Structures are given as C-alpha cells and as structure tokens.
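Colleague: Sequence first, then the predicted structure, then my questions.
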Amino acid sequence: MRRTMRPYPPRRSRAMSLVVSMRPRQWLKNLIVVTAPLAAGVLAEPHVLWRVLVAVVAFTLVSAAVYLTNDVCDAEEDRRHPLKSMRPIAAGEVTPRLALLAAAILAGLGIATGTWLDVRLGLTLVIYAALQVSYALWLKHMAVIDLAVVASGFLLRAVGGGVAVDVALSQWFLLVAAFGSLFMVAGKRYSEMHSLGSAAGTRRSLSLYSESYLRFVWGLAAGVTITAYSLWAFEISPGTGIPWQAISIAPFVLALLRYAVDIDRGLAGEPEDIVLRDHVLQAIGLVWLATFALGVAT
C-alpha cells in the first residue's frame, strides 16, 4: 500500500514572519491604557479619546519591539518548546539581526510618539522598555523578580494612560493594577507548568517555582486585588443614589473567579487567549463594564 505524503504548509514571507514575531494577538494588552481615563470618567471626551489612542499606539510599538527582543534572547529555549518552536525567530524565518533592527526602529518610534504627546508618557515608555529588555537578558532568571517585572508591564500601561490624559491615579487604582497584574502573571506561569509537565524545562524560569508556590502567589494576589478594588469602589461611590461602583464589585469578583478556573485548568498560558476565547468571562466583563460605567456617568 503506497503511503501518501502530506505537503508541508508554505513558508511565510519575511515580512509576514516579522509581523508574527511582533505578536499581534498580545497587542490586546495595550488596551489597559484605557483603564485610568475610563475610571476618571473622561474617556468619552474627544480630545481625551484621541490622546488615549495615541498612547495605545505608542505602547503597541514599544511592546512589539520588546517581543522581538525577547524572542531573539529566547530562541534556543523556544526551539525545545512544542509550540514556541514555531515562532518565526526560533524557526529561522527571521534572523536575529533583522529582528533587533526592527525592534530598535519600533522602540524609537514608540518612545518618540509618547514623548511628543507628553514627556511623562515618553519616560514611562522608556522605563517599560528598559525593564522588559532587562528581563529578557537576565532578570527572568531571578525568582520573584521575574514575576514582578512582567507584572510591571501591565502596571506601566495603566500608569501611561493616566499620564497621557493628565488624570490623578488613585492609590487604590494602582494597587488593583499592580496586584491584578501579578495575579495574571503568576497564573500564566502556573498554567505553563501545569500544561507542559515534564517539558517545563523549556522555560528555565519555571524551574524557580513549584506549583504550590505559584498557587500561593496568584491566590494572594487575587485577595489583595479584590480588597483594593472594593476599597476603591467604596471610595468613589456617591453618597446618594445607586452606588453602581460598589455594585460593580460583584461582577469584578466573579470575573477573577472565572479567570482562576482557567488558571487551575492550565489554560491561562496566554491571558489574551482567555479574553478572546472564554465567552462566559466576556459576558461577566461586559456586566462589570456596564455597572462601572453607570457609576461614572451618574
């Protein structure tokens, strides 16, 4: 019996491979820039919305540069990973030289765009890029520090949105952003370890932790996030009328609990995939957004 050979899929063009290396799916994270203006109730103002969009573009450019740099640094480890081995740089479709050149151009454009909008946003982008590149080079091998640096990427996006439109950042808002980020990062690591099993050695940072420790971290981070959000919601709720911000605590907690289900099942390796795939989480998120927006508008 003659064996039928299946053809290999065609290789991507160099330009497409370069775009894939910038991880367009993960650009969804840059929408965190919207959170501070939304919480302040000024997002609907045309000049504010325009500034927020520019800030999102600036973070997208710099984060794309970070992903390219990270993939160059992780190419050897990625080649031993069952899925990451298909990343263009690990697969040899994009050379490290081209990736680093593109990263330098993108980072320069992003920082220049942010600085043009507001010097403080430009500084925030510089700090973000410096921390993330340091992580790719050596900080990812330091226990706890690696979790903090990855979480800082989410936090700096939230801070960037605040400085872009010149709104005051509540201490409770910053705590929610910081520990909410830590919750997602620890959950990401836990999911990677849970799903990879014996293949966890493909990411050296996973060897720094045990599943029980990561459970402790994301459980602790979830508790602090819920506490800080509740205090923030009570602080900004009006003294009269329907306290929509306080009511929003319920869907907020449900969203974290739903996300924790995905973490526990080992499905939270890429947070943006959960947001795009989990329709129940999307529905809870819309309920939270509606209740919080009603509180801001009334």
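Modeller: Structure's in. What do you need? Residues are numbered from 1 along each chain as shown.
Colleague: Now do whichever strand or helix holds Trp172: which elements does it pack against?
Modeller: Assigned by DSSP states H and E, Trp172 belongs to helix 171-196. Counting contacts by 3 or more Cβ pairs under 8 Å, 6 or more residues apart in numbering; DSSP states H and E, helix 171-196 is packed against helix 35-40, helix 145-165, helix 211-236, helix 249-264, helix 271-277. In short, each C-beta sits where N, CA and C put it, glycine included.
Colleague: any chance of those helices in TSV, with distance to Val296 too?
Modeller: Output for the helices and strands packed on helix 171-196, formatted as TSV (distance: least, Cβ to Cβ, whole Å):
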stretch	distance to Val296
helix 35-40	7
helix 145-165	14
helix 211-236	9
helix 249-264	14
helix 271-277	22
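Colleague: in the helix holding Trp172, what counts as buried?
Modeller: For helix 171-196, the neighbour count (16 or more other Cβ atoms under 10 Å) marks 172-196 as buried.
Colleague: Could you do stretch 16-29 as well?
Modeller: 17-23, 26-27, 29.
Colleague: neighbouring contacts of that stretch?
Modeller: 12, 60, 63-64, 67-68, 71, 87-89, 93-94, 98-99, 102, 106, 153-154, 157, 270-273, 275-276 (Cβ atoms under 8 Å, 6 or more residues apart in numbering).
Colleague: one more time with 7 Å, if that's ok
Modeller: 12, 60, 63-64, 67-68, 71, 87-89, 93-94, 98-99, 102, 154, 157, 272, 275 (Cβ atoms under 7 Å, 6 or more residues apart in numbering).
Colleague: Can you select the buried ones from the residues you listed in ChimeraX?
Modeller: To isolate the buried members of the contacts of stretch 16-29 in ChimeraX, using 16+ other Cβ under 10 Å:
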select :60,63,64,67,68,71,87,88,89,93,94,98,99,102,154,157,275
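Colleague: picking that back up, the buried residues of stretch 16-29: which two are farthest apart?
Modeller: Ser17 and Lys29 (21.7 Å; Cβ to Cβ).
Colleague: What residues does Ala158 make contact with?
Modeller: Applying Cβ under 7 Å, 6+ apart, the residues near Ala158 are 32, 35-36, 177.
Colleague: Okay, now the unreliable bits of the stretch 1-150 of the chain?
Modeller: 1-12, 81-82 (pLDDT under 70).
Colleague: Return the distance of the closest residue to Asp166 other than its chain neighbours relative to Val144.
Modeller: Nearest residue to Asp166, sequence neighbours excluded (Cβ to Cβ, 6 or more residues apart in numbering): Asp118, at 7.5 Å. Using Cβ to Cβ, to the nearest Å, Asp118 is found at 32 Å from Val144.
Colleague: Also Ile236?
Modeller: Taking Cβ to Cβ, one finds Ile236 at 32 Å from Val144.
Colleague: picking up where we left off before, so which of the contacts of Ala158 is the most crowded?
Modeller: Ala36 (28 neighbours; other Cβ atoms under 10 Å).
Colleague: wait, what's in contact with that residue?
Modeller: 158, 161-162, 167, 169, 173.
Colleague: run the last query once more with 6 Å
Modeller: For Ala36, the contact set (Cβ atoms under 6 Å, 6 or more residues apart in numbering) comprises 158, 161-162, 167.
Colleague: Next, work out how far apart Ala64 and Trp27 are.
Modeller: From Ala64 to Trp27 the distance is 7 Å (Cβ to Cβ).
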